[in-house]
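Trainee: Quick one: sequence and predicted model below, then my questions.
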Amino acid sequence: RAKQSGRATYRIFEAQMDAELQQRKALEYDLRQAVLKDELEVHYQPLIDIGKRQVAAVEALVRWRHPARGLVSPADFIPLAEETGLIVSIGEWVLETACRQVLDWQNLRVAVNLSPVQFRNRELVETVRQVLVRTGLAPERLELEITESVLINDASAALEILNGLKNLGVKIAMDDFGTGYSSLGYLNSFPFDKIKIDKSFIGDMDSKDKSGAIVKSVIGLGQSLNMVTTAEGVETPEQAEFLRQEGCDQVQGYYFSKPVTAPELSTFIERWDGARAWGDVAA
Ligand code: C2E
Ligand code: MG
Ligand code: MG
Ligand code: MG
């Protein structure tokens, strides 16, 4: 009996595995189609320069407008795109779309996220160079965001690629700082221009004194290393004001704007009134 029910359980398990595998295969098929059918979109979120009270840059964030599922967030398809290698072509498409788009926005910079998988590919430097040539964007207006996970596997290969990118004249930002291994050695050994303090620390500042202290010291660290500091996930005027007082260079978060479509961002820029926006923060 026990044996029989065991077998039954196994069969259920097997069926479940099949279902999951099938679902994954279906999603993978859909994602390949998405690329061909032009279902991917790039949204943009402003980064505000605190000192100048101006929009300094935008971060390009990919979304998938799925015919049945609606707007799918990157967390739900980037991992699959990475496993299947599709991220290489998706990433190049995002990069080119964002570089072309930002030409419409005077001297704003654009920040584009790079996956560790793109980083494993030695062609990356050449790809970025070609996109800059094709779009005509000045290299200093492009910022590439990477996370520490890029650096841990093969640090010397990563350094070679980073130096190649730096030689093109683009900027490099360390994204989600504080969440990974956060070896301070990375800041020393790699040519970062910017540190982005992870949003988890900003969100916790209200409830945990320690988070405020951590944010403060990362800002100090950035200043002493001559790197720009950006705080992500700023949702309240209190957080923005704290960051201003501590000397953070830039803020990014829902308090200023969620990631929006390109036309919506154009409207945001047109309506942006730094004095008023910052007045609201300080009030
Ligand atoms: P990220 O690069 O750290 O991007 C910031 C994320 O924080 C975005 O999520 C953004 O919408 C969200 N965010 C911004 N302000 C706030 C806020 O005030 N509160 C909260 N709770 N969240 C805020 P999103 O767009 O869902 O992207 C998630 C992650 O997906 C990104 O994290 C990035 O790692 C990845 N990703 C997005 N686009 C791309 C891409 O084109 N290529 C690659 N490789 N990864 C991408
Ligand atoms: Mg990012
Ligand atoms: Mg981040
Ligand atoms: Mg992140």
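Mentor: All right, it came through fine. Numbering: from 1, shown residues only. Ligands and ions are numbered 1, 2, ... in the order given.

Trainee: which residues touch Phe77?
Mentor: Shown in contact with Phe77 (C-beta atoms under 8 Å, 6 or more residues apart in numbering): 27, 31, 64. Just so you know, the C-beta spots here come from the backbone N, C-alpha and C atoms, and that holds for glycine as well.

Trainee: got the contact list for Ser257?
Mentor: So Ser257 contacts 45-46, 265, 268 (C-beta under 8 Å, 6+ apart).

Trainee: Specify the local secondary structure of it.
Mentor: Under DSSP: H, G, I helix; E, B strand; the rest coil, the three-state class of Ser257 is coil.

Trainee: and the gap between it and Ala240?
Mentor: Separation of Ser257 from Ala240 (C-beta to C-beta, to the nearest Å): 13 Å.

Trainee: next one: Phe192
Mentor: Computed as C-beta to C-beta, the Phe192 to Ala240 distance reads 24 Å.

Trainee: Between the two, point out the one with more neighbours.
Mentor: Ala240 (25 against 22; other C-beta atoms under 10 Å).

Trainee: That one belongs to a helix, doesn't it?
Mentor: Yes. Assessed with three-state DSSP, Ala240 lies in a helix.

Trainee: Can you name the residues that contact it?
Mentor: Shown in contact with Ala240 (C-beta under 8 Å, 6+ apart): 50, 234, 251, 255-256, 281.

Trainee: nearest residue to the residue nearest the centre of the chain other than its sequence neighbours?
Mentor: With distances taken as C-alpha atoms, centre = their mean, the residue of the chain nearest its centroid is Asn113 (4.4 Å). Take Asn113 and drop its neighbours on the chain: the residue closest to it by C-beta to C-beta, 6 or more residues apart in numbering is Glu145, 4.8 Å away.

Trainee: For that neighbour, give me its contacts.
Mentor: 59, 111-114, 173-175, 196.

Trainee: related to what we said a few turns ago, my read is that the residue nearest to the centre of the chain contacts Ala60, right?
Mentor: Yes. Between Asn113 and Ala60 there is a contact under C-beta atoms under 8 Å: 7.4 Å.

Trainee: shared neighbours of the two, which are they?
Mentor: Common neighbours of Asn113 and Ala60 (criterion: C-beta under 8 Å, 6+ apart): Val94.

Trainee: Roughly how far does Ala68 sit from Arg53?
Mentor: Applying C-beta to C-beta to Ala68 and Arg53 gives a distance of 43 Å.

Trainee: again but with Trp272, I slipped
Mentor: From Trp272 over to Arg53 the distance is 9 Å, taken as C-beta to C-beta.

Trainee: Ala15 too?
Mentor: 59 Å.

Trainee: Between the two, which has more neighbouring residues?
Mentor: Arg53 (17 against 10).

Trainee: Surely Ile48 and Gly253 touch.
Mentor: No. In this structure Ile48 lies outside contact range of Gly253 using C-beta under 8 Å: 9.1 Å.

Trainee: Wasn't Pro191 part of a helix?
Mentor: No. Read with three-state DSSP, Pro191 is coil and lies in no helix.

Trainee: need the contact list for it.
Mentor: 162-163, 166, 172.

Trainee: What does the pLDDT read for it?
Mentor: Predicted confidence (pLDDT) for Pro191: 90.

Trainee: That's all I had, so thanks and see you.
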